[in-house]
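Colleague: Fold the following and give me the result.
(one chain, ligands or ions: 2)
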Amino acid sequence: MILVTKESNRLMTEKILEVDNLTTSFDTEEGTVRAVNNISFSIEEGETMGIVGESGSGKSVTALSVMRLIESNGSIENGTIHYRGSNLLEKTESEIQSIRGSEISMVFQDTLDSLNPVYTIGTQINRVIRKHRDMDNKEAREETIRLLEQVGIPNAEERIDDYPHQFSGGMRQRALIAMAISCNPSVLIADEPTTALDVTIEAQIFEVLDKIQHETGMSIIVITHDLGVVAGVCDFVNVMYGGEIVEKSKTDDIFGDPQHPYTRGLLRSIPRIGKEEDRLRGIEGNVPNPAALPSGCTFHPRCPHATDECRQHDPSLQEVKRNHRAACIHIDGYKSLHKEDKEIIINDRKKGESDD
Ligand SMILES: Nc1ncnc2c1ncn2[C@@H]1O[C@H](COP(=O)(O)OP(=O)(O)OP(=O)(O)O)[C@@H](O)[C@H]1O
Ligand code: NI
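Modeller: Ligands and ions are numbered 1, 2, ... in the order given. Here you go, the predicted model:
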């Protein structure tokens, strides 16, 4: 039955999650902080979507809004979040609790140390399973072993009784993924799942996610500050800056034909292994204070192409070509500059490759 539904969804390419005009803000001592400002995106079954941006751009708040886990000083001011056609913002707390974990699940940022040190890995996953699924202890234990195997933990039958400190960082992250997928969610949100891990382990974690996606057809939202991660993993990408989505397209187009000056800056700052000097080549300036966002285009104080118009008008996302949108008023007029930027990127890459 489920398979039939899933299959027909795929044929109809139904959007499994659809976020429209989401605005989330917080009350702070500095005043109202609009952490997420009027953003929209959607994801289909089996797709992997990236949300990329520097620290403070609103990525986690976006995810927490979808999970309805915004802290008490914050609120979703505007927008809708449709999951399988019904608006999550209209659900009661108990309805949302049953969706959370079993339909939409999240691996939280900075959770590597959040497994409870006094309980075994098995006990902690077992608990989540029994909360959502009708299984007795023995069945849940078998299911936990299966999940640990699924995320690539060797000797799962023995490791299930280990305590978190007996697991390496990469193994703990696998266990957290096992926990997040333990109730077969349709959507998994992974918030910076590999930030604390080295690149080899990072690649392994994404291989695990890819494998699970093939096995289950789940949709994945990957949150990262690293466009390098996006390249290998995501079908399409939303670039966030100052709480807004400034560019969105298929991953290939983000790399092959980036439009927004911010995206191009991010691309130029992807570090190459062993290239220390690259770290210095990020985007000049700092992310804006969300309690005091600049006038006009939020990016204008850091933008090499900013004009008076940019200081006055906040650009909305415009279609650059099919399925590729960017929020920059100079997208037409600045075609030539874009070309120069592209040449810099391409030459840099070639240089990097020949240096390696
Ligand atoms: N509970 C809160 N109260 C006040 N401000 C908040 C709260 N939660 C988030 N913010 C602010 O919202 C903005 C966006 O935060 P968010 O955590 O979404 O950024 P992020 O893109 O996930 O960054 P990072 O890469 O550092 O995780 C930040 O300026 C942050 O300080
Ligand atoms: Ni975050």
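Colleague: Next up, the contacts around the residue of the stretch 1-150 of the chain found nearest ligand 2.
Modeller: In the stretch 1-150 of the chain, the residue that lies nearest ligand 2 is Ser60 (3.0 Å; Cβ to the ion). C-beta: built from backbone N, CA, C; applies to glycine. For Ser60, the contact set (Cβ atoms under 8 Å, 6 or more residues apart in numbering) comprises 109, 191, 223.
Colleague: mind listing what the nearest residue in space to Gly242 that is not next to it in sequence touches?
Modeller: Excluding the flanking residues, the one nearest Gly242 by Cβ to Cβ, 6 or more residues apart in numbering is Thr298, at 3.7 Å. By Cβ under 8 Å, 6+ apart, the contact list for Thr298 reads 241-244, 288, 314.
Colleague: Wait, Ile160 touches Glu143, no?
Modeller: No - if you go by Cβ atoms under 8 Å, Ile160 and Glu143 don't touch, sitting 10.8 Å apart.
Colleague: Looking at these two, which has the bigger crowd around it?
Modeller: Ile160 (21 against 18; other Cβ atoms under 10 Å).
Colleague: Just the pLDDT at the more buried one, thanks.
Modeller: You'll see Ile160 listed with a pLDDT of 97.
Colleague: tell me which element the closest residue to it other than its chain neighbours falls in.
Modeller: Nearest residue to Ile160 in three dimensions, chain neighbours excluded: Gly122, at 3.6 Å (Cβ to Cβ, 6+ apart). Assigned by DSSP states H and E, Gly122 belongs to helix 121-132.
Colleague: Mind listing residues that contact the very next helix or strand once past that helix?
Modeller: The helix or strand immediately downstream of helix 121-132 is helix 137-150, counting by DSSP H and E. Helix 137-150 is touched from outside by 121-122, 125-126, 129-130, 133, 135, 156-157, 159-160, 174-175, 178-179, 181-182, 211-212, 215, with contacts defined as Cβ under 8 Å, 6+ apart.
Colleague: Spell out the secondary structure type for the residue nearest the centre of the chain.
Modeller: Centroid-nearest residue in the chain: Ile223, 2.1 Å away (criterion: Cα atoms, centre = their mean). With DSSP: H, G, I helix; E, B strand; the rest coil as the basis, Ile223 sits in strand.
Colleague: dump the residue contacts of it.
Modeller: 50-52, 59-60, 62-63, 109, 189-192.
Colleague: export the residues you listed to JSON lines and tack on pLDDT?
Modeller: Putting these into JSON lines (pLDDT from 0 to 100) gives the following:
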{"residue": "Gly50", "pLDDT": "97"}
{"residue": "Ile51", "pLDDT": "98"}
{"residue": "Val52", "pLDDT": "96"}
{"residue": "Lys59", "pLDDT": "97"}
{"residue": "Ser60", "pLDDT": "97"}
{"residue": "Thr62", "pLDDT": "98"}
{"residue": "Ala63", "pLDDT": "98"}
{"residue": "Gln109", "pLDDT": "86"}
{"residue": "Ile189", "pLDDT": "97"}
{"residue": "Ala190", "pLDDT": "95"}
{"residue": "Asp191", "pLDDT": "95"}
{"residue": "Glu192", "pLDDT": "92"}
